[in-house]
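Asker: Got a predicted structure here, sequence first:
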There are 4 protein chains.
Amino acid sequence: MLFEKKGFHGVTVNEIVQKAETSKGGFYHHFTSKEELLYVIHDAFISYVLEKAAYANNSCISPTDKLKAIIKDFVKVFDIYKPHISVFYQESIYLNPEYEQQIKQKRDQFKQLILQTITEGQANGEFRRDLPVEITGMAILGMVNWTYKWYQPKGKNTIDEISDIFIELILQAILPNEAISFKSHNRVIRDDTDVWE
Amino acid sequence: MLFEKKGFHGVTVNEIVQKAETSKGGFYHHFTSKEELLYVIHDAFISYVLEKAAYANNSCISPTDKLKAIIKDFVKVFDIYKPHISVFYQESIYLNPEYEQQIKQKRDQFKQLILQTITEGQANGEFRRDLPVEITGMAILGMVNWTYKWYQPKGKNTIDEISDIFIELILQAILPNEAISFKSHNRVIRDDTDVWE
Amino acid sequence: MLFEKKGFHGVTVNEIVQKAETSKGGFYHHFTSKEELLYVIHDAFISYVLEKAAYANNSCISPTDKLKAIIKDFVKVFDIYKPHISVFYQESIYLNPEYEQQIKQKRDQFKQLILQTITEGQANGEFRRDLPVEITGMAILGMVNWTYKWYQPKGKNTIDEISDIFIELILQAILPNEAISFKSHNRVIRDDTDVWE
Amino acid sequence: MLFEKKGFHGVTVNEIVQKAETSKGGFYHHFTSKEELLYVIHDAFISYVLEKAAYANNSCISPTDKLKAIIKDFVKVFDIYKPHISVFYQESIYLNPEYEQQIKQKRDQFKQLILQTITEGQANGEFRRDLPVEITGMAILGMVNWTYKWYQPKGKNTIDEISDIFIELILQAILPNEAISFKSHNRVIRDDTDVWE
DNA sequence: AATGAATGAGTCTTCATTCAT
DNA sequence: GATGAATGAAGACTCATTCAT
């Protein structure tokens, strides 16, 4: 998309309306400003992500399943919201305070869902208890968010394969040792012909 | 810093020269354009990171030690290059192709150091062989890079504590199961008083 | 009214149609352009003024009575045409040449009625002959027109009181000295309790 | 001038800078906005007028002389500040509240100087006491201000002739009857060859 | 070398006007 | 006739860059 190549600031309203096959007037009939579009993009993305995570949160019982579901759903977003991604991750700094406030609130809710899940898992013994929740959560978020920088929809790996590996890595990292032998229900893909056993 | 709050595009050359207590003329004496400053910021950051990683690569023998050293050094950068960080991570899209090319090359070198280390570790049996190198590498990079979004120099955790947890998580994730019991030389910090062992 | 506060240019067609509880389509059904509305406002005002003055001109015989009647009627307009006033006096510059021509013609007719009255009065000896007709006429017009800048319908003085004072001042100024003792039929209002005689 | 023909709003910043033989950048180097120019024009004009009137106020002793001096000086402004005039009289409505406040204050000071002079003249018996000060003052102001609408620097009458007539009219209107025979020191001009006496 | 006033191309935004429904 | 979404020309304003001093 246009934003991906040139950044939100590098794209003029003229280019936007040409691409969208509308007119300046049409654009400003729907949005009060270019900045509102920036907000709408942010909001559409984070609202979808949050909704999915909240659903996973309510549907799963064990923290392990919950975390797996949240990550699985989240990573899928990179396929669905491709045009929103680069804008969401790079240009939040340019939102005005009011808009930024609203987005930040939803971002925080999403983050809390992950932190709570880790806390729950540590509480009921599913997860290692020696890891600080905050740092572990941000490590997971970072791993997953960063995908927007390198994931190519037509690249070597599908988004499903990527999310499976992420889940494998994360669970291996946070499950207690004794749990590891039976931890994973995922079939791990391999990118070479070496046999692992 | 100014860039952190307002983004590279949100800061005018006027603001830059005022902050730097110089003049427009002075600025354009040192830089051919505002974009060159953008490049210089990028280059200073990535060059430092690459140098550190190359040194670690040459100093360590075992892939495990190498990976630990690379990550440890890299995470420290978030304290040292604070002003460069947000520019480096958010505004690379606005570099012109020529500059972008040069930065990308160093970024790639850094990435290759990590991928090679993983490959080596899988080859000599230190690391699990069932993980695709590319995805694993990007997962590690993501976890670490993302730190720029949330790390606060005066926050709850020091950069040293954070890097220790990252290393703990990464090794736990990529070392084979049987290796785990003796894998870690790091003292893991804990945010509660529960004792784990 | 809207125009008074924001000026004709400061009011958008959108605001006009909202206030008038119609629609863009409705507006352009009645007027070919926003400028035509500007013309209609001008024309309604000046036509009314001119009609009143022409009637006074025909009804009165002596120049003194004629002048009194013209002024009396004219000043009353500030109560009747309040919404048109500020537009008429401030925005004529924005009429296109064709419209402007038509308005100017009626403005001139009104002006001529006053100038003629003065000329008649000087001819038959009712008015001083040492005053240049043009300047005297413009002085009278200025005094009266300017009222639009400061007259408040709910202010201290009624429009009737104001017009009486204007007439008093004008006649005192243009009647010959010997005529002054019996010139005025108006009861002059006073704003203090001092008695003058 | 440009503003006279097209109004302040009808003139674009582009036209202004072309006429002034400068550039957009140059313009915005001196003014923060087009509106500031509007303010500067207003302020230059009213400040000059006020200064002159204040000087007259301090230099003259008798209210009659004072009023004559104020009017004489003021009318001269129409020659000196020609480019400012139409803007000052027509576009004050488009000043923002802050600017408007400052201009209004000076306008009011000027008005007060006239009202005070009338009050003084009534107090010491130089002026008729049966005229309300406010209306009389606004009548004088109107007569004089309106000049901007019709005065042509190269027209039939000089500004000096016009101001003499204004003074003649005003004094005749507000001096008591018995004072009239010796009231005027002005030589009245006549626009025809009829002799009056 | 350093300055900062001046430049003008390029931006977002407005708003009178149109026209399919 | 009435509607109001869509149009796009035109405007105010910004800001990286230049250059005379």
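Answerer: Alright, I've got the coordinates.

Asker: so residue A:15 makes contact with residue A:2?
Answerer: Yes: counting by Cβ atoms under 8 Å, residue A:15 touches residue A:2, with 6.2 Å between them. To be clear about C-beta, it is placed using only N, CA and C from the backbone, and glycine gets the same treatment.

Asker: the more surrounded of these two?
Answerer: Each of residue A:15 and residue A:2 has its neighbours counted (other Cβ atoms under 10 Å in any protein chain shown); residue A:2 has more, 16 against 13.

Asker: what's the distance between the more buried one and DNA strand E?
Answerer: When distance is defined by Cβ to the nearest atom of the strand, to the nearest Å, residue A:2 is 12 Å away from DNA strand E.

Asker: Residue of chain A closest to DNA strand F, please.
Answerer: Of all residues in chain A, the one sitting closest to DNA strand F is residue A:25 (1.6 Å; Cβ to the nearest atom of the strand).

Asker: Who are the packing partners of the host helix or strand of that residue?
Answerer: Assigned by DSSP states H and E, residue A:25 belongs to helix A:24-30. In terms of contacts (3 or more Cβ pairs under 8 Å, 6 or more residues apart in numbering or on different chains; DSSP states H and E), helix A:24-30 is packed against helix A:13-19.

Asker: in the helix it packs on, what counts as buried?
Answerer: Applying a neighbour-count criterion of 16 or more other Cβ atoms under 10 Å in any protein chain shown, one finds A:16-17 buried in helix A:13-19.

Asker: Read off the pLDDT value for the closest residue to residue A:153 other than its chain neighbours.
Answerer: Counting by Cβ to Cβ, 6 or more residues apart in numbering or on different chains, residue A:79 is the residue found nearest to residue A:153 once chain neighbours are left out, at 6.1 Å. Confidence at residue A:79, expressed as pLDDT, is 92.

Asker: got it, and the one 10 residues further on?
Answerer: The pLDDT attached to residue A:89 in the predicted structure is 93.

Asker: in chain A, which ranges drop under the pLDDT threshold?
Answerer: A:178-197 (pLDDT under 70).

Asker: So the residue of it positioned farthest from its centre versus chain D, what's the distance?
Answerer: Each residue of chain A has a distance to the centre, and by Cα atoms, centre = their mean the biggest one is for residue A:25: 33.9 Å. According to Cβ to the nearest Cβ, to the nearest Å, residue A:25 and chain D sit 21 Å apart.

Asker: Burial check on residue A:110, number of neighbours?
Answerer: Neighbour tally, residue A:110, other Cβ under 10 Å: 19.

Asker: before we move on, which element is it in?
Answerer: helix A:97-123.

Asker: what does the domain assignment say about chain A?
Answerer: A:1-30, A:34-182 (automatic domain parsing).

Asker: deepest of those domains, which one?
Answerer: domain A:34-182 (a mean of 18; mean count of other Cβ atoms under 10 Å in any protein chain shown).

Asker: now that domain, how far from the chain's geometric center?
Answerer: In terms of Cα atoms, centre = their mean, to the nearest Å, the centre of domain A:34-182 is set 4 Å apart from its chain centre.

Asker: Establish whether it and DNA strand F are in contact.
Answerer: No: judged by Cβ under 7 Å from any atom of the strand, domain A:34-182 stays clear of DNA strand F, getting no closer than 11.4 Å.

Asker: Do any residues in that domain lie close to DNA strand E?
Answerer: Yes: residues of domain A:34-182 contacting DNA strand E under Cβ under 7 Å from any atom of the strand: A:34-35.

Asker: Just want the residue of chain A that's nearest chain C.
Answerer: residue A:29 (11.7 Å; Cβ to the nearest Cβ).
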